[in-house]
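*Asks:* Based on what follows, work out the 3D shape:
(chains A and B)
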Amino acid sequence: EAGVAQSPRYKIIEKRQSVAFWCNPISGHATLYWYQQILGQGPKLLIQFQNNGVVDDSQLPKDRFSAERLKGVDSTLKIQPAKLEDSAVYLCASSLGPGGIYEQYFGPGTRLTVT
Amino acid sequence: DQQVKQNSPSLSVQEGRISILNCDYTNSMFDYFLWYKKYPAEGPTFLISISSIKDKNEDGRFTVFLNKSAKHLSLHIVPSQPGDSAVYFCAARADNQGGKLIFGQGTELSVKP
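*Replies:* Numbering: from 1, shown residues only, chains lettered A, B, ... in the order given. Take a look at the predicted model:
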């Protein structure tokens, strides 16, 4: 079974530029998560989708971050414009469903450096 | 507000000995706790979990203990192996929050041969 795929693996941009990350979850997984992991910290949930609907985006900086999952499968996370403090690893995870009984599987992440 | 805390950023253990990683939490609504293991350049992978109705869960060399009154959990690895060297994250979940995981800062374990 293929795991969660993410691209690109690495990205370097200048502040005020825009960037987009892509995630392909495990086949059949209805729930998709985007996490931000800043160096020295644990992952922090940015947004959670159930199929193509948003379940939780309470910690997404909506003035600059946006995410979509149009067909309930792949997802993209965009930052526009980027700030220095956005430098982090962006992790995508998926699970069969929401709630406590479903294990989350993580992709390898995209390491973003904003200069 | 750090709801899940791992106060030791690093731990070094000799091969064959026990590794004990600690985690504290503040939210009494958490009802499920997980440990994830992360190698460099990879995403976290699930290791072991425990429900709040239990105080111990064991899986091979890995055991997680939960002390609800102290809001504390620990992960024991016995015996430790060099391949266990990784960053370990403690995470907690409240069932009424749709699967959202709250992670600690992580502890980097180094197991020396």
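*Asks:* got the contact list for the residue lying closest to residue B:75 once chain neighbours are set aside?
*Replies:* Spatial nearest neighbour of residue B:75, chain neighbours left out: residue B:21 (4.5 Å); criterion: C-beta to C-beta, 6 or more residues apart in numbering or on different chains. Where C-beta positions appear, they are placed from N, C-alpha and C, glycine not excepted. If you count contacts by C-beta atoms under 8 Å, 6 or more residues apart in numbering or on different chains, residue B:21 has them with B:6, B:8, B:11, B:35, B:74, B:75, B:77, B:88, B:90, B:107, B:109.
*Asks:* Can I get these in TSV including secondary structure?
*Replies:* Listed next are the contacts of residue B:21 as TSV, based on DSSP: H, G, I helix; E, B strand; the rest coil:
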residue	secondary structure
B:6	coil
B:8	coil
B:11	strand
B:35	strand
B:74	strand
B:75	strand
B:77	strand
B:88	strand
B:90	strand
B:107	strand
B:109	strand
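*Asks:* Now do the same contact list for residue B:6.
*Replies:* A:42, B:21, B:22, B:23, B:24, B:88, B:89, B:90, B:104, B:105, B:106, B:107.
*Asks:* Just the buried residues out of those residues, in ChimeraX syntax.
*Replies:* Those of the contacts of residue B:6 that count as buried under 16 or more other C-beta atoms under 10 Å in any protein chain shown are selected in ChimeraX with:
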select /A:42 /B:21,22,23,24,88,89,90,104,105,106,107
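*Asks:* So stretch B:97-105, near chain A or not?
*Replies:* Yes: applying C-beta under 8 Å from any C-beta of the partner chain, one finds stretch B:97-105 in contact with chain A at B:97, B:98, B:99, B:100, B:101, B:103, B:104, B:105.
*Asks:* got the contact list for that stretch?
*Replies:* So stretch B:97-105 is contacted by A:31, A:33, A:40-45, A:48, A:50, A:55-56, A:95, A:97-100, A:102, A:104, B:2-6, B:9, B:23, B:27, B:30, B:34, B:36, B:89-94 (C-beta under 8 Å, 6+ apart).
*Asks:* Return the alpha-carbon coordinates of it using CSV.
*Replies:* The C-alpha coordinates for stretch B:97-105 follow below in CSV (Å, rounded to 0.1, in the frame of the first residue of the first chain):
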residue,chain,number,x,y,z
GLN,B,97,-12.3,17.4,18.6
GLY,B,98,-12.5,15.1,15.6
GLY,B,99,-9.2,13.4,15.7
LYS,B,100,-7.1,16.6,16.1
LEU,B,101,-3.7,15.7,17.6
ILE,B,102,-1.8,18.0,20.0
PHE,B,103,1.9,17.2,20.0
GLY,B,104,4.6,17.8,22.5
GLN,B,105,7.9,19.3,21.4
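*Asks:* follow-up on the earlier one: just curious, which of the contacts of residue B:6 is nearest to residue B:69?
*Replies:* Distances from residue B:69 to the contacts of residue B:6, taken as C-beta to C-beta, are shortest for residue B:24 (12.4 Å).
*Asks:* wait, is that closest one part of a strand?
*Replies:* Yes: assessed with three-state DSSP, residue B:24 lies in a strand.
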